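Asks: could you work out the structure for the sequence below:
(chains A and B)
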Amino acid sequence: MINEAYTSEAPKATEWKLPSPRKVAVVCLILTEAGLFSIFVAGYLFYIGKSLTGPTPHEVLGLPVLATIFLLSSSVTIVLAERAFNRDRVGLFKLFWFATIVLAGLFLAMTAVEWHKLIYHDGLTISTNLFGTTFYSLVGLHATHVVVGICLLSLVFVFSLLGFVNIMHRERLQMISWYWHFVDAVWVVVFAVVYVIGR
Amino acid sequence: MATQEIALPKVKEPDVSIIERLHGLVMTVDHKKLGLMYIGTALIFLVVAGLMAVAIRLQLVIPTNTLLEPDVFNRFFTMHGTSMVFLVGMPIIAGFGNYLVPLMIGARDMAFPRLNAFGYWMFLFGGLLLYFSYLGAPGLAGHGSAPDVGWFAYAPLTERAFSRGHSTDYWILSLLLTSVGSTVSAINVIVTAITLRCPGMKLMRMPLLVWLMLVTNFMTVLALPALSAAQIMLLIDRYLGGHFFDTQAGGSAVIWQHFFWIFGHPEVYILMIPAFACLSEVVPVFSRKPIFGYPVMVGATAMIGLISVSVWAHHMFSVGMTSVGNTFFAISTFMVAVPTGIKIFNWLGTMYGGRIRFDLPMLFCIAFLFQFLVAGLTGVMLAVAPLNWQLTDSYFVVAHFHYTLVGGFLFGIFAGFYYWYPKAVGRMLDRRLGLWHFWLFVIGFHVTFDTMHFSGILGMPRRIFTYDAGRGWDTLNLVTTLGAFCQAVSILLLAINIVRSAGKGKLAGNDPWDAWTLEWTTSSPPPEYNFATIPVVRCRRPLWDLKHPEDPDWKYE
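Replies: So this is what the prediction gives:
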C-alpha cells in the first residue's frame, strides 16, 4: 500500500545493498567479548605487585615463546585454509584447517605444561595470592576461548571430511576465522600484560 | 483511506485450547509475540517488585515500626532494586526493541528469530532463578534467603566470610543468565537495524526510535560484560578461594565499585534512551510537526552514549579518590547534561507552534519533560563532589534516581505503551481509566519522591529499616508512604485497563493517531509477516507522503 504513494515523478529507489547480518552479529559478539576481556586485563594490571605473599611473577613465569608462535601461526594457517577454500581446492583446505586445529591444540598443551609446573613445582594456585587469582583467571579465560575455538574448528573439520562443507558455507567459515583472529589478538594483549609488563 | 470498510464474511475462529496457546508461546520465534512476552513478563515483575516497595514504605511509615524484620527489609530492597533494573527495565527495552524495530524499518522479522526466542527464555529463567532464591538459598549452611547485599552488591560484603549460604550466588548466577539474554537481544536489534532496512531507508531516514534503540543496544553490548566479568571474579572468590575483592589478602573492595559502575552508569542511560526514543516518536505525532532537529537528536544520543562511559566514578566520590579523579568525574558528569539538554530543547522545539493533541501518550510525555528536567538538575547537584559528600547514601540520592527512573524512564515507557498498545492489540486503551492512571500516578509520584528529597537533606540515610522518632523525618515518611499507595492504585488501574481494553476497547484501525512511521501502514495487530509487500521509502515520514501526495516530504529532505 505504502508503495502507491510514489508516482513516476518520485525518485527511484537506488541500488539497495546492506551488510550481511552474520558479519555485523559477529562483530558485535567480538565487541562484547572484548569488553569482558578488558575488565579482566584491567584487574590484572591493577593487582600487579599487590600480592602479600609469594610466589611473584618474576620468580615463576617464563616467556611462553613457543606457545605464542604456535597460536599466532594458527592465524596464518586459517587464512591459507580460507584461501584454498575460495579457490575450490578442498584437499588443501582440509590440510590447512587441520593444521590450525593442531597448532591450537599445541598451544593448549603448552599452557597445560606451564600450569602443571606452576601448580606442582612452584605451588601457585588460584587461591595462593592475588597473582595466582588474576593470572589463572585471565589466562584461563583466554584458554577457554581457545577451547571454544577448537570445538568450532573441529566441527567444521569433521563436516568437511564427511563432505558436507561446500561453497555456500563460505561466510560461515569466514566468521569462525574472524573469531579465531580475535582470540589470537587477545593473546597478544595477554602476553604483553602478563609476561612482559607484569613480570 | 479508512472510509471504505470492506465487509468480510465472518469466519469462525478455530477453537484453540489453552494448552495449544501456551505451546504456541513456547515455540514462537515471531518478534511481535516475543516482544509482547518480554513486556508482559516485565510488567509482572514490575508488580512484584512494586509490592516490595510498598512493603518497604509500610515499614518506614512510622518511627520504630516492627512490620518487617531487618533481614527481610534488606532482602526486599535488594530484590526490589535488582528486579526493577534487570527484570523490568532491561526486558521492557528488549520488548519495545523487538516489537517496534522490524515494523518501523519495514522488515518481516528480526535478523535472528531463534536467537531472539533464546534471549527471552534466558531472561525469564534468570528472573525465576532470582526469585527461587527465597526457597533455594538457605542451602546447606542454613543461612540467608534471598540476596540481601543491595542491588550493587558492594564487596567485601559479598565475600564468603560475610555472605554465608547461597543468597549472593543466586544474585550472581541469575544476573549472569539475564545478561546473556540481554546481550543476544541487543546484538539482534543492532543487526536488524543495520542489515534489514527496507529499500530507501538510509540510516538518516530511520525513525528516531530505531536510531536510539541502536545506540542503547550498542551500549548494552559494551557495558554489560563489565558486570559479567565482575560477577565471574566474585564467583572465583566465593568458590575457588580467589582474592579479587578479598581485602585480607591485598584485594581491593573499591575495584568492585569501579567495575560495577563501569557497567552501572551506562546502564542508567541504557534505560533512559529507550524512554527518549518513545518521546521522539510520540511528541512529533501529537504536536503535528516533524521532529525538530533530527540530525542533532541522533548526534546528541551518540554523545550521551560516548560520555556516559566516562562518568562512572561519580557514584564513588565518598570512597576517597584523588582530587584529580573527583574533578575529572565531576566535569564529565556535567558534560552529560549538555546533550541531554539538547534533547529536551528539541522536544520543546517540536511542540513549539504545533497543534498539540492532549491524548494520553502526550500527557505522559509532558509530565516526563518536567520530571526529567528536575531529575537532571538534582543529578547536577549530586555531581558536585563536595555536595555529594554531604548527600551521598541519603534519601536525596534515592529521590534522585527514582526521579530519573520513575519520573523519566517509566513515564516515557508509559507514553510509548499508550501509543503502541492499539497497534499491538488492535483496540484502544480506555481514555477515562487512562486519565485516572495518569493523574494518580503523577500525584503519587510527586508526593512520594518530592518529599524524599527533603528527608534526604535532613539526613535520613538510605537502606535503614527503621528510625527513631523526633528527628524531623516522621511526617515526611508518612507522606512518602501515602504517595506510594497512590502509585500502587494507579498501577492497578493500568492493569485493569490493559485487561479490559484488550476485550472491550474501541477498535483502533490501522492508524488511530494519524502517524507517519511504517508500523501504522499495516493492520493492528500486524499479521505474522508484517507487510504483504516490502515497503519502499524516500523520506523520514513515509506515511506523510502517502497521505499528502501533493506535498510530499521527499522533495525537502
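
Asks: on the three-state scheme, whichever residue of the stretch 1-150 of chain B sits closest to chain A is what?
Replies: Taking Cβ to the nearest Cβ, chain A has its nearest neighbour within the stretch 1-150 of chain B at B:Ala111, 4.2 Å off. Where C-beta positions appear, they are placed from N, C-alpha and C, glycine not excepted. Per DSSP: H, G, I helix; E, B strand; the rest coil, the local secondary structure of B:Ala111 is coil.

Asks: which parts of the stretch 51-200 of chain B sit against chain A?
Replies: Selection of the stretch 51-200 of chain B residues close to chain A by Cβ under 8 Å from any Cβ of the partner chain yields B:111-112, B:183, B:186-188, B:190-192, B:194-197, B:199-200.

Asks: show me the contacts for residue 172.
Replies: With no chain named, the answer covers chain A. A:Arg22 (Cβ atoms under 8 Å, 6 or more residues apart in numbering or on different chains).

Asks: that's the other chain; I wanted chain B
Replies: With Cβ under 8 Å, 6+ apart, B:Ile172 has these contacts: B:231, B:234-235, B:238.

Asks: and what of A:Leu52?
Replies: Contacts of A:Leu52 (Cβ under 8 Å, 6+ apart): A:129-130, B:249-250.

Asks: looks to me like it is in a strand.
Replies: No. Read with three-state DSSP, A:Leu52 is coil and lies in no strand.

Asks: for chain A, which segments count as helices?
Replies: Applying DSSP state H to chain A gives helices spanning A:21-47, A:57-60, A:65-86, A:90-116, A:130-161, A:170-190.

Asks: mean pLDDT and distance to B:Gly165 added to these, as JSON lines?
Replies: Shown next, in JSON lines, are these (pLDDT from 0 to 100; distance: least, Cβ to Cβ, whole Å):
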{"stretch": "helix A:21-47", "mean pLDDT": "97", "distance to B:Gly165": "26"}
{"stretch": "helix A:57-60", "mean pLDDT": "93", "distance to B:Gly165": "35"}
{"stretch": "helix A:65-86", "mean pLDDT": "96", "distance to B:Gly165": "41"}
{"stretch": "helix A:90-116", "mean pLDDT": "96", "distance to B:Gly165": "32"}
{"stretch": "helix A:130-161", "mean pLDDT": "97", "distance to B:Gly165": "23"}
{"stretch": "helix A:170-190", "mean pLDDT": "96", "distance to B:Gly165": "35"}
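
Asks: now those helices in CSV, with distance to B:Thr404?
Replies: Listed next are the helices of chain A as CSV, based on distance: least, Cβ to Cβ, whole Å:
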stretch, distance to B:Thr404
helix A:21-47, 24
helix A:57-60, 44
helix A:65-86, 46
helix A:90-116, 46
helix A:130-161, 34
helix A:170-190, 36
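
Asks: closest to B:Ala495 out of the ones you listed?
Replies: Among these, the nearest to B:Ala495 by Cβ to Cβ is helix A:21-47 (35.5 Å).

Asks: hang on, the earlier thing: show me what contacts the residue of the stretch 1-150 of chain B closest to chain A?
Replies: B:Ala111 sits in contact with A:21, A:24-25, B:188, B:191-192, B:195-196, where contact means Cβ under 8 Å, 6+ apart.

Asks: got a pLDDT number for it?
Replies: Listed pLDDT for B:Ala111 reads 95.

Asks: what residues does the stretch 451-557 of chain B have near chain A?
Replies: Going by Cβ under 8 Å from any Cβ, the residues of the stretch 451-557 of chain B near chain A are B:518, B:521, B:533, B:535-538, B:542-543, B:545-546, B:549, B:552, B:554.

Asks: just the buried members of those residues?
Replies: Applying a neighbour-count criterion of 16 or more other Cβ atoms under 10 Å in any protein chain shown, the buried members of these are B:518, B:521, B:535-538, B:542-543, B:545-546, B:552, B:554.

Asks: can you list those in a markdown table and add pLDDT and secondary structure?
Replies: Converted to a markdown table, these look like this (pLDDT from 0 to 100; DSSP: H, G, I helix; E, B strand; the rest coil):
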| residue | pLDDT | secondary structure |
| --- | --- | --- |
| B:Leu518 | 95 | helix |
| B:Thr521 | 94 | helix |
| B:Pro535 | 92 | coil |
| B:Val536 | 91 | coil |
| B:Val537 | 91 | coil |
| B:Arg538 | 89 | coil |
| B:Pro542 | 91 | helix |
| B:Leu543 | 91 | helix |
| B:Asp545 | 89 | helix |
| B:Leu546 | 89 | helix |
| B:Pro552 | 86 | coil |
| B:Trp554 | 83 | helix |
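
Asks: what's the closest non-adjacent residue to residue 114?
Replies: As the question left the chain open, I've gone with chain A. A:Pro64 (6.3 Å; Cβ to Cβ, 6 or more residues apart in numbering or on different chains).

Asks: that's the wrong chain, I wanted chain B
Replies: B:Val29 (5.3 Å).

Asks: all helices for the stretch 151-300 of chain B, in order.
Replies: Assigned by DSSP state H, counting those that start in this stretch, the stretch 151-300 of chain B shows helices spanning B:167-195, B:208-240, B:253-287, B:294-307.

Asks: nope, the stretch 451-557 of chain B is what I was after
Replies: Counting by DSSP H, counting those that start in this stretch, the helices of the stretch 451-557 of chain B are B:474-504, B:542-547.

Asks: how about chain A: which residue is closest to chain B?
Replies: Nearest residue of chain A to chain B (Cβ to the nearest Cβ) works out as A:Ser127 at 3.1 Å.

Asks: pretty sure that residue contacts A:Thr133?
Replies: Yes. A:Ser127 is in contact with A:Thr133 according to Cβ atoms under 8 Å; the separation is 7.1 Å.

Asks: on that earlier part again, buried subset of the contacts of B:Ala111 as a ChimeraX selection?
Replies: Of the contacts of B:Ala111, the buried ones go into a single ChimeraX selection, burial set by 16+ other Cβ under 10 Å:
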select /A:21,24,25 /B:188,191,192,195,196
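
Asks: possible to save the contacts of B:Ala111 as TSV with distance to A:Ser160?
Replies: Below are the contacts of B:Ala111 laid out as TSV (distance: Cβ to Cβ, whole Å):
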residue	distance to A:Ser160
A:Pro21	24
A:Val24	26
A:Ala25	23
B:Asn188	29
B:Val191	27
B:Thr192	31
B:Thr195	28
B:Leu196	31
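
Asks: for B:Trp347, see how far away the closest residue in space to B:Met362 that isn't next to it in sequence is.
Replies: Among residues not flanking B:Met362 along the chain, B:Phe286 sits closest, at 3.9 Å (Cβ to Cβ, 6+ apart). Distance, B:Phe286 to B:Trp347, using Cβ to Cβ, to the nearest Å: 11 Å.

Asks: mutual contacts of these two, please.
Replies: B:Cys365.

Asks: out of the helices of the stretch 451-557 of chain B, which one sits most buried?
Replies: Ranked by mean neighbour count, the helices of the stretch 451-557 of chain B are led by helix B:542-547 with a mean of 22 (mean count of other Cβ atoms under 10 Å in any protein chain shown).

Asks: and the residue of chain B nearest chain A?
Replies: For chain B, Cβ to the nearest Cβ, closest residue to chain A: B:Gly241, 3.1 Å.

Asks: let me see the contact set for the residue nearest to that residue when sequence neighbours are not counted.
Replies: Using Cβ to Cβ, 6+ apart and skipping residues adjacent in sequence, the residue nearest B:Gly241 is A:Ser127, 3.1 Å away. If you count contacts by Cβ under 8 Å, 6+ apart, A:Ser127 has them with A:133, B:240-243.

Asks: surely A:Gly198 and A:His58 touch.
Replies: No. Judged on Cβ under 8 Å, A:Gly198 makes no contact with A:His58 at a distance of 9.0 Å.

Asks: what about the two, which has more around it?
Replies: A:Gly198 (21 against 10; other Cβ atoms under 10 Å in any protein chain shown).
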